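Novice: I would like to see how this sequence folds:
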Amino acid sequence: MMGSVLGAEMELDPIVQWSIAAVGGGGVAGTVQAGTVATRAVSTGTTGGLANPIVSVFEAIMAVIVTLLALLAPLLGLVLVIVGMAYAGKMIAKRKSKTSIPGSG
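Specialist: Residues are numbered from 1 along each chain as shown. Coordinates of the predicted model:
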């Protein structure tokens, strides 16, 4: 994944930039594929292949969920920051009102 980021962020010749991104992306894709192959091998070895359709459906559902999370995570992060700041402001105001002495100013 770092190869993809480096390929996209650095000021390099476009051929070098695309090569770095392709190698980095290929590494990520290879890792994911190795995990899929290992999962299928375990499924086939333990159930004789009967669970492979279930594993396939689970993989498809997880792919959709991860894609949605990748798209929504920045928005969810923004919402969490806003909620956290509002909560912190409320707590600070509450604490200030507890520590202030009435009539002191």
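Novice: Please enumerate the helices of the chain.
Specialist: 2-9, 14-47, 52-99 (DSSP state H).
Novice: Burial-wise, tell me which of these comes out on top.
Specialist: Among these, the stretch with the highest mean neighbour count (mean count of other C-beta atoms under 10 Å) is helix 2-9, at a mean of 14. Yep, even glycine has a C-beta here, placed from its N, CA and C like the rest.
Novice: mind giving me JSON lines with the helices of the chain and columns for mean pLDDT?
Specialist: JSON lines is the format used below for these (pLDDT from 0 to 100):
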{"stretch": "helix 2-9", "mean pLDDT": "54"}
{"stretch": "helix 14-47", "mean pLDDT": "86"}
{"stretch": "helix 52-99", "mean pLDDT": "89"}
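Novice: What distance do you get for G84 to T46?
Specialist: Distance, G84 to T46, by C-beta to C-beta, to the nearest Å: 44 Å.
Novice: Check A34 too.
Specialist: From A34 to T46 the distance is 19 Å (C-beta to C-beta).
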